[in-house]
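Colleague: Sequence and computational prediction follow.
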Amino acid sequence: MLNSIFLIFLFQLLGELIQKILEMSVPGPVIGLVLLLITLLLFKKFNFKFSKTIKLNLFKSAENLLLYLPLLFVPVGVGVVMHLSFLEESLVRVILVLVIGTLLTLALTGFLMEKLLKDQK
Amino acid sequence: MIDQQKLYSIWVYLQAEPLFWLTLTIGAYLTADFLYRKSNLFPLLNPVAISILLVSSVLLIFDIQYERYFDGAKFIHFLLGPATVCLAIPIYKNWQLIVQNSKAIVISIFIGSLFSILITYFLSTLFHLNDELILSLLPRSVTTPIAMGISELIGGIPSLTAIFTFTTGVIGASLAIFVFDLMGIKKMEARGFALGLTSHGIGTARAMSKDTKAGVFSAVAMGLTGLITSILVPLCIKILNI
(Lines give C-alpha, C1' and ligand atoms only; values in the text may rest on other atoms or scores of the structure.)
Protein backbone atom coordinates (compact mmCIF):
# COMPACT_ATOMS: atom_id res chain seq x y z
CA MET A 1 0.00 0.00 0.00
CA LEU A 2 2.64 2.51 1.09
CA ASN A 3 4.83 1.30 -1.78
CA SER A 4 2.19 2.16 -4.33
CA ILE A 5 1.44 5.58 -2.84
CA PHE A 6 5.14 6.33 -2.93
CA LEU A 7 5.47 5.23 -6.57
CA ILE A 8 2.43 7.24 -7.68
CA PHE A 9 3.63 10.39 -5.87
CA LEU A 10 7.15 9.86 -7.19
CA PHE A 11 5.99 9.73 -10.81
CA GLN A 12 3.88 12.84 -10.31
CA LEU A 13 6.85 14.60 -8.72
CA LEU A 14 9.08 13.63 -11.66
CA GLY A 15 6.39 14.91 -14.03
CA GLU A 16 6.10 18.23 -12.18
CA LEU A 17 9.90 18.64 -12.17
CA ILE A 18 10.19 17.95 -15.90
CA GLN A 19 7.34 20.39 -16.57
CA LYS A 20 9.07 23.13 -14.57
CA ILE A 21 12.55 22.52 -15.96
CA LEU A 22 11.49 22.32 -19.61
CA GLU A 23 8.71 24.93 -19.14
CA MET A 24 6.24 22.67 -20.94
CA SER A 25 2.57 23.60 -21.41
CA VAL A 26 1.56 20.03 -20.52
CA PRO A 27 0.65 19.67 -16.81
CA GLY A 28 3.03 17.75 -14.53
CA PRO A 29 0.61 14.90 -13.65
CA VAL A 30 0.05 14.17 -17.37
CA ILE A 31 3.83 13.92 -17.85
CA GLY A 32 3.87 11.64 -14.78
CA LEU A 33 1.22 9.45 -16.45
CA VAL A 34 3.32 9.14 -19.61
CA LEU A 35 6.47 8.35 -17.58
CA LEU A 36 4.73 5.62 -15.60
CA LEU A 37 3.25 4.14 -18.77
CA ILE A 38 6.64 4.12 -20.52
CA THR A 39 8.25 2.52 -17.45
CA LEU A 40 5.65 -0.25 -17.34
CA LEU A 41 5.94 -0.89 -21.07
CA LEU A 42 9.75 -1.01 -20.91
CA PHE A 43 9.67 -3.43 -17.99
CA LYS A 44 7.40 -5.68 -20.00
CA LYS A 45 9.41 -5.40 -23.22
CA PHE A 46 12.75 -6.26 -21.66
CA ASN A 47 11.22 -8.74 -19.27
CA PHE A 48 12.63 -6.99 -16.20
CA LYS A 49 11.58 -8.71 -13.04
CA PHE A 50 10.22 -6.62 -10.28
CA SER A 51 8.36 -7.64 -7.18
CA LYS A 52 5.02 -9.07 -8.15
CA THR A 53 3.41 -7.83 -4.92
CA ILE A 54 4.51 -4.26 -5.58
CA LYS A 55 3.14 -4.43 -9.09
CA LEU A 56 -0.19 -5.95 -8.04
CA ASN A 57 -0.50 -3.47 -5.19
CA LEU A 58 0.22 -0.57 -7.52
CA PHE A 59 -2.44 -1.75 -9.96
CA LYS A 60 -4.96 -2.23 -7.18
CA SER A 61 -4.32 1.13 -5.51
CA ALA A 62 -4.48 2.94 -8.85
CA GLU A 63 -7.74 1.30 -9.82
CA ASN A 64 -9.23 2.03 -6.39
CA LEU A 65 -8.33 5.71 -6.59
CA LEU A 66 -9.76 5.93 -10.12
CA LEU A 67 -13.11 4.73 -8.78
CA TYR A 68 -13.46 8.09 -7.05
CA LEU A 69 -12.18 10.23 -9.90
CA PRO A 70 -15.47 12.20 -10.19
CA LEU A 71 -15.32 13.19 -6.50
CA LEU A 72 -11.95 14.86 -7.03
CA PHE A 73 -13.49 17.48 -9.34
CA VAL A 74 -15.99 18.71 -6.75
CA PRO A 75 -13.83 21.31 -4.87
CA VAL A 76 -12.89 23.16 -8.09
CA GLY A 77 -16.41 22.81 -9.45
CA VAL A 78 -17.87 24.57 -6.42
CA GLY A 79 -15.56 27.50 -7.19
CA VAL A 80 -16.88 27.62 -10.75
CA VAL A 81 -20.49 27.87 -9.53
CA MET A 82 -19.58 30.55 -6.98
CA HIS A 83 -17.92 32.67 -9.67
CA LEU A 84 -20.52 32.36 -12.45
CA SER A 85 -21.83 35.85 -11.70
CA PHE A 86 -18.65 37.27 -13.31
CA LEU A 87 -20.21 36.65 -16.70
CA GLU A 88 -23.26 38.83 -16.08
CA GLU A 89 -25.22 39.50 -19.25
CA SER A 90 -23.11 37.19 -21.42
CA LEU A 91 -23.97 34.15 -19.29
CA VAL A 92 -26.83 32.76 -21.40
CA ARG A 93 -24.98 33.20 -24.69
CA VAL A 94 -21.83 31.62 -23.28
CA ILE A 95 -23.81 28.63 -22.02
CA LEU A 96 -25.41 28.25 -25.47
CA VAL A 97 -21.94 28.24 -27.09
CA LEU A 98 -20.73 25.66 -24.57
CA VAL A 99 -23.72 23.33 -24.90
CA ILE A 100 -24.07 23.44 -28.69
CA GLY A 101 -20.31 23.30 -29.28
CA THR A 102 -19.82 20.38 -26.90
CA LEU A 103 -22.71 18.33 -28.31
CA LEU A 104 -21.58 18.83 -31.93
CA THR A 105 -17.97 17.91 -31.10
CA LEU A 106 -19.13 14.80 -29.23
CA ALA A 107 -21.28 13.78 -32.20
CA LEU A 108 -18.54 14.29 -34.81
CA THR A 109 -15.73 12.66 -32.82
CA GLY A 110 -17.83 9.70 -31.68
CA PHE A 111 -19.12 9.12 -35.20
CA LEU A 112 -15.65 9.35 -36.73
CA MET A 113 -14.18 6.94 -34.19
CA GLU A 114 -17.08 4.48 -34.56
CA LYS A 115 -16.36 4.28 -38.31
CA LEU A 116 -12.55 4.14 -38.02
CA LEU A 117 -12.21 1.59 -35.20
CA LYS A 118 -11.31 -1.92 -36.25
CA ASP A 119 -14.02 -4.43 -35.56
CA GLN A 120 -13.01 -6.96 -32.97
CA LYS A 121 -14.63 -9.89 -31.37
CA MET B 1 -29.71 23.39 26.10
CA ILE B 2 -26.66 24.77 24.40
CA ASP B 3 -26.63 28.53 24.46
CA GLN B 4 -26.23 30.58 21.30
CA GLN B 5 -22.76 31.77 22.21
CA LYS B 6 -21.47 28.23 22.52
CA LEU B 7 -23.18 27.11 19.30
CA TYR B 8 -21.54 30.00 17.50
CA SER B 9 -18.10 29.17 18.83
CA ILE B 10 -18.49 25.55 17.72
CA TRP B 11 -19.47 26.75 14.25
CA VAL B 12 -16.46 29.06 14.11
CA TYR B 13 -14.22 26.15 15.10
CA LEU B 14 -15.72 23.83 12.46
CA GLN B 15 -15.32 26.37 9.69
CA ALA B 16 -11.63 26.77 10.38
CA GLU B 17 -10.89 23.03 10.25
CA PRO B 18 -10.57 20.92 7.09
CA LEU B 19 -12.55 18.07 8.70
CA PHE B 20 -15.91 19.77 8.25
CA TRP B 21 -15.37 20.69 4.58
CA LEU B 22 -13.97 17.26 3.74
CA THR B 23 -16.93 15.54 5.37
CA LEU B 24 -19.35 17.88 3.58
CA THR B 25 -17.72 17.23 0.19
CA ILE B 26 -17.62 13.45 0.56
CA GLY B 27 -21.15 13.43 2.02
CA ALA B 28 -22.47 15.48 -0.89
CA TYR B 29 -20.78 13.13 -3.35
CA LEU B 30 -22.19 10.01 -1.67
CA THR B 31 -25.67 11.57 -1.67
CA ALA B 32 -25.35 12.51 -5.35
CA ASP B 33 -24.06 9.05 -6.22
CA PHE B 34 -26.94 7.46 -4.31
CA LEU B 35 -29.52 9.59 -6.16
CA TYR B 36 -27.84 8.72 -9.47
CA ARG B 37 -28.08 4.98 -8.76
CA LYS B 38 -31.64 5.27 -7.45
CA SER B 39 -32.65 7.06 -10.65
CA ASN B 40 -31.36 4.10 -12.68
CA LEU B 41 -28.30 6.05 -13.81
CA PHE B 42 -30.29 8.95 -15.28
CA PRO B 43 -27.59 10.99 -17.12
CA LEU B 44 -28.82 14.44 -16.05
CA LEU B 45 -28.31 13.46 -12.40
CA ASN B 46 -24.55 13.44 -13.01
CA PRO B 47 -22.89 12.87 -9.60
CA VAL B 48 -20.27 15.61 -10.12
CA ALA B 49 -22.87 18.22 -11.09
CA ILE B 50 -25.24 17.31 -8.24
CA SER B 51 -22.52 17.25 -5.56
CA ILE B 52 -21.30 20.66 -6.73
CA LEU B 53 -24.84 22.02 -6.47
CA LEU B 54 -25.25 20.54 -2.98
CA VAL B 55 -21.98 21.99 -1.64
CA SER B 56 -22.56 25.37 -3.35
CA SER B 57 -26.02 25.60 -1.80
CA VAL B 58 -24.58 25.03 1.67
CA LEU B 59 -21.95 27.74 1.09
CA LEU B 60 -24.52 30.19 -0.26
CA ILE B 61 -27.10 29.52 2.49
CA PHE B 62 -24.55 29.99 5.28
CA ASP B 63 -22.78 32.80 3.45
CA ILE B 64 -19.35 31.15 3.43
CA GLN B 65 -16.44 32.37 1.31
CA TYR B 66 -15.30 29.90 -1.34
CA GLU B 67 -11.66 30.37 -0.23
CA ARG B 68 -12.54 29.15 3.25
CA TYR B 69 -14.22 26.05 1.85
CA PHE B 70 -11.37 25.31 -0.55
CA ASP B 71 -8.83 25.65 2.21
CA GLY B 72 -10.35 22.50 3.72
CA ALA B 73 -11.43 20.72 0.54
CA LYS B 74 -7.99 21.14 -1.07
CA PHE B 75 -6.97 17.76 0.32
CA ILE B 76 -9.47 16.12 -2.00
CA HIS B 77 -8.40 18.43 -4.80
CA PHE B 78 -4.78 17.37 -4.23
CA LEU B 79 -5.60 13.76 -5.18
CA LEU B 80 -6.44 14.86 -8.72
CA GLY B 81 -2.72 14.84 -9.59
CA PRO B 82 -1.97 11.32 -8.31
CA ALA B 83 -5.23 10.09 -9.89
CA THR B 84 -4.08 11.43 -13.25
CA VAL B 85 -0.82 9.46 -12.90
CA CYS B 86 -2.91 6.36 -12.05
CA LEU B 87 -4.60 6.54 -15.46
CA ALA B 88 -1.37 4.95 -16.73
CA ILE B 89 -2.49 1.58 -15.28
CA PRO B 90 -5.68 0.99 -17.32
CA ILE B 91 -3.94 2.40 -20.40
CA TYR B 92 -1.07 -0.07 -19.86
CA LYS B 93 -3.47 -2.97 -19.45
CA ASN B 94 -5.22 -2.08 -22.73
CA TRP B 95 -2.10 -1.08 -24.66
CA GLN B 96 -2.63 -3.71 -27.37
CA LEU B 97 -6.04 -2.26 -28.20
CA ILE B 98 -4.59 1.24 -28.53
CA VAL B 99 -1.73 0.14 -30.78
CA GLN B 100 -4.18 -1.73 -33.02
CA ASN B 101 -6.24 1.41 -33.47
CA SER B 102 -3.48 4.01 -33.54
CA LYS B 103 -4.39 5.23 -37.02
CA ALA B 104 -8.02 5.84 -36.06
CA ILE B 105 -6.88 7.61 -32.89
CA VAL B 106 -4.49 9.98 -34.66
CA ILE B 107 -7.01 10.93 -37.36
CA SER B 108 -9.85 11.46 -34.90
CA ILE B 109 -7.74 13.49 -32.48
CA PHE B 110 -6.67 15.87 -35.20
CA ILE B 111 -10.10 16.37 -36.79
CA GLY B 112 -11.95 16.41 -33.45
CA SER B 113 -9.66 18.97 -31.79
CA LEU B 114 -9.70 21.23 -34.83
CA PHE B 115 -13.48 20.99 -35.07
CA SER B 116 -13.87 21.80 -31.37
CA ILE B 117 -11.85 25.02 -31.75
CA LEU B 118 -13.56 26.11 -34.99
CA ILE B 119 -17.13 25.43 -33.81
CA THR B 120 -16.44 27.39 -30.62
CA TYR B 121 -15.16 30.31 -32.69
CA PHE B 122 -18.06 30.12 -35.11
CA LEU B 123 -20.74 29.98 -32.38
CA SER B 124 -19.09 32.75 -30.32
CA THR B 125 -19.12 35.05 -33.34
CA LEU B 126 -22.71 34.07 -34.11
CA PHE B 127 -23.74 35.06 -30.57
CA HIS B 128 -21.70 38.31 -30.71
CA LEU B 129 -19.42 37.55 -27.75
CA ASN B 130 -16.56 39.98 -27.23
CA ASP B 131 -12.96 39.10 -28.17
CA GLU B 132 -11.85 38.56 -24.60
CA LEU B 133 -14.57 35.94 -24.08
CA ILE B 134 -13.86 34.28 -27.44
CA LEU B 135 -10.16 33.92 -26.64
CA SER B 136 -10.99 32.51 -23.21
CA LEU B 137 -13.44 30.02 -24.77
CA LEU B 138 -11.24 28.55 -27.53
CA PRO B 139 -9.15 26.08 -25.46
CA ARG B 140 -12.14 24.85 -23.39
CA SER B 141 -12.00 21.17 -24.45
CA VAL B 142 -8.67 20.31 -22.84
CA THR B 143 -7.72 19.59 -19.26
CA THR B 144 -7.88 22.75 -17.09
CA PRO B 145 -4.13 23.43 -16.53
CA ILE B 146 -3.40 23.18 -20.26
CA ALA B 147 -6.49 25.24 -21.12
CA MET B 148 -5.47 28.00 -18.70
CA GLY B 149 -1.93 28.01 -20.09
CA ILE B 150 -3.17 28.35 -23.68
CA SER B 151 -5.59 31.08 -22.62
CA GLU B 152 -2.83 33.10 -21.04
CA LEU B 153 -0.64 32.67 -24.09
CA ILE B 154 -3.27 33.98 -26.53
CA GLY B 155 -4.55 36.85 -24.40
CA GLY B 156 -7.64 35.30 -22.84
CA ILE B 157 -8.53 35.38 -19.14
CA PRO B 158 -7.25 32.12 -17.54
CA SER B 159 -9.76 32.08 -14.66
CA LEU B 160 -12.66 32.48 -17.12
CA THR B 161 -11.15 29.68 -19.19
CA ALA B 162 -11.13 27.48 -16.08
CA ILE B 163 -14.87 28.12 -15.68
CA PHE B 164 -15.61 27.36 -19.36
CA THR B 165 -13.44 24.26 -19.31
CA PHE B 166 -15.12 22.89 -16.24
CA THR B 167 -18.60 23.62 -17.57
CA THR B 168 -17.71 21.92 -20.87
CA GLY B 169 -16.67 18.87 -18.87
CA VAL B 170 -19.93 18.67 -16.94
CA ILE B 171 -22.06 19.30 -20.05
CA GLY B 172 -20.27 16.53 -21.94
CA ALA B 173 -20.41 14.08 -19.05
CA SER B 174 -24.14 14.68 -18.49
CA LEU B 175 -25.43 14.90 -22.08
CA ALA B 176 -23.05 12.71 -24.11
CA ILE B 177 -25.20 9.60 -23.80
CA PHE B 178 -28.11 11.30 -25.59
CA VAL B 179 -25.83 12.26 -28.49
CA PHE B 180 -24.36 8.75 -28.70
CA ASP B 181 -27.79 7.09 -28.74
CA LEU B 182 -29.11 9.57 -31.31
CA MET B 183 -26.11 9.08 -33.62
CA GLY B 184 -26.00 5.29 -33.18
CA ILE B 185 -22.51 5.39 -31.66
CA LYS B 186 -22.34 2.01 -29.95
CA LYS B 187 -18.69 1.04 -29.48
CA MET B 188 -17.51 1.77 -25.96
CA GLU B 189 -14.10 2.81 -27.31
CA ALA B 190 -15.69 5.42 -29.59
CA ARG B 191 -17.93 6.74 -26.79
CA GLY B 192 -15.04 7.04 -24.37
CA PHE B 193 -12.83 8.63 -26.98
CA ALA B 194 -15.38 11.34 -27.79
CA LEU B 195 -15.89 12.02 -24.07
CA GLY B 196 -12.16 12.42 -23.41
CA LEU B 197 -11.62 14.64 -26.45
CA THR B 198 -14.47 17.05 -25.65
CA SER B 199 -14.75 16.83 -21.87
CA HIS B 200 -11.19 16.05 -20.67
CA GLY B 201 -10.91 14.72 -17.10
CA ILE B 202 -14.56 15.03 -16.18
CA GLY B 203 -15.49 13.12 -19.32
CA THR B 204 -12.82 10.53 -18.52
CA ALA B 205 -14.11 10.14 -14.96
CA ARG B 206 -17.53 9.54 -16.44
CA ALA B 207 -16.29 7.06 -19.05
CA MET B 208 -14.16 5.18 -16.52
CA SER B 209 -17.12 4.72 -14.19
CA LYS B 210 -19.15 3.18 -17.03
CA ASP B 211 -16.66 0.88 -18.73
CA THR B 212 -12.89 0.32 -18.54
CA LYS B 213 -12.38 0.32 -22.31
CA ALA B 214 -14.30 3.58 -22.60
CA GLY B 215 -12.20 4.99 -19.77
CA VAL B 216 -8.93 3.99 -21.41
CA PHE B 217 -9.81 5.54 -24.77
CA SER B 218 -11.05 8.61 -22.94
CA ALA B 219 -7.78 9.03 -21.06
CA VAL B 220 -5.77 8.59 -24.26
CA ALA B 221 -7.94 11.13 -26.09
CA MET B 222 -7.68 13.57 -23.19
CA GLY B 223 -3.88 13.46 -23.15
CA LEU B 224 -3.43 13.72 -26.93
CA THR B 225 -6.04 16.49 -27.31
CA GLY B 226 -4.18 18.51 -24.70
CA LEU B 227 -1.00 18.27 -26.75
CA ILE B 228 -2.50 18.96 -30.16
CA THR B 229 -4.80 21.77 -28.96
CA SER B 230 -1.92 23.75 -27.50
CA ILE B 231 -0.44 23.76 -31.00
CA LEU B 232 -3.72 24.24 -32.93
CA VAL B 233 -5.24 27.15 -30.96
CA PRO B 234 -2.41 29.65 -31.57
CA LEU B 235 -2.27 28.47 -35.20
CA CYS B 236 -6.02 28.98 -35.70
CA ILE B 237 -5.81 32.47 -34.23
CA LYS B 238 -3.11 33.38 -36.70
CA ILE B 239 -5.05 31.98 -39.65
CA LEU B 240 -8.45 33.38 -38.62
CA ASN B 241 -6.86 36.68 -37.61
CA ILE B 242 -8.75 36.97 -34.33
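Modeller: In hand now; what should we look at?

Colleague: from the middle of its chain, how far away would the helix or strand containing residue B:235 be?
Modeller: Using DSSP states H and E, residue B:235 falls within helix B:212-240. Helix B:212-240 sits 14 Å away from the centroid of its parent chain (CA atoms, centre = their mean, to the nearest Å).

Colleague: quick one: is it near chain A?
Modeller: Yes: counting by CB under 8 Å from any CB of the partner chain, contacts between helix B:212-240 and chain A involve B:215, B:217, B:219, B:221, B:223, B:226-227, B:230. The C-beta positions use only the backbone N, C-alpha and C, and glycine is treated the same way.

Colleague: who's in contact with the residue nearest the centre of chain A?
Modeller: Centroid-nearest residue in chain A: residue A:30, 6.5 Å away (criterion: CA atoms, centre = their mean). Residues in contact with residue A:30 (CB atoms under 8 Å, 6 or more residues apart in numbering or on different chains) are A:15, B:84, B:143, B:146, B:223, B:226.

Colleague: The helix or strand harbouring residue B:121 packs against which elements?
Modeller: Using DSSP H and E, residue B:121 maps to helix B:102-126. Packing contacts for helix B:102-126, counted by 3 or more CB pairs under 8 Å, 6 or more residues apart in numbering or on different chains; DSSP states H and E, involve helix A:91-116, helix B:131-137, helix B:188-210, helix B:212-240.

Colleague: same thing but at 10 Å, please
Modeller: Applying 3 or more CB pairs under 10 Å, 6 or more residues apart in numbering or on different chains; DSSP states H and E, we find helix B:102-126 packed against helix A:91-116, helix B:131-137, helix B:158-183, helix B:188-210, helix B:212-240.

Colleague: which one of the ones you listed lies closest to residue A:70?
Modeller: Of all the helices and strands packed on helix B:102-126, helix B:188-210 sits nearest to residue A:70, with 4.4 Å by CB to CB.

Colleague: Report all helices and strands that that closest one contacts.
Modeller: With contacts defined as 3+ CB pairs under 10 Å, 6+ apart, the packing partners of helix B:188-210 are helix A:52-67, helix A:91-116, helix B:47-61, helix B:80-86, helix B:102-126, helix B:144-154, helix B:158-183, helix B:212-240.

Colleague: Buried deepest among those helices, which one?
Modeller: Per residue and on average, the most neighbours among these fall to helix B:80-86, with a mean of 24 (mean count of other CB atoms under 10 Å in any protein chain shown).

Colleague: In chain B, where is pLDDT below threshold?
Modeller: B:1-2 (pLDDT under 70).

Colleague: Give me the domain ranges for it.
Modeller: Following automatic domain parsing, one finds the domains of chain B at B:4-78, B:85-240.

Colleague: Tell me the buried residues in the helix or strand harbouring residue B:24?
Modeller: Taking DSSP H and E as the definition, residue B:24 sits inside helix B:18-38. Across helix B:18-38, burial judged by 16 or more other CB atoms under 10 Å in any protein chain shown covers B:20-22, B:24-26, B:28-29, B:32-33, B:36.

Colleague: show me which of the residues you listed neighbour chain A.
Modeller: By CB under 10 Å from any CB of the partner chain, the members of those lying near chain A are B:21-22, B:24-26, B:28-29, B:32-33, B:36.

Colleague: so where's chain A uncertain?
Modeller: Applying pLDDT under 70 to chain A flags the ranges A:119-121.
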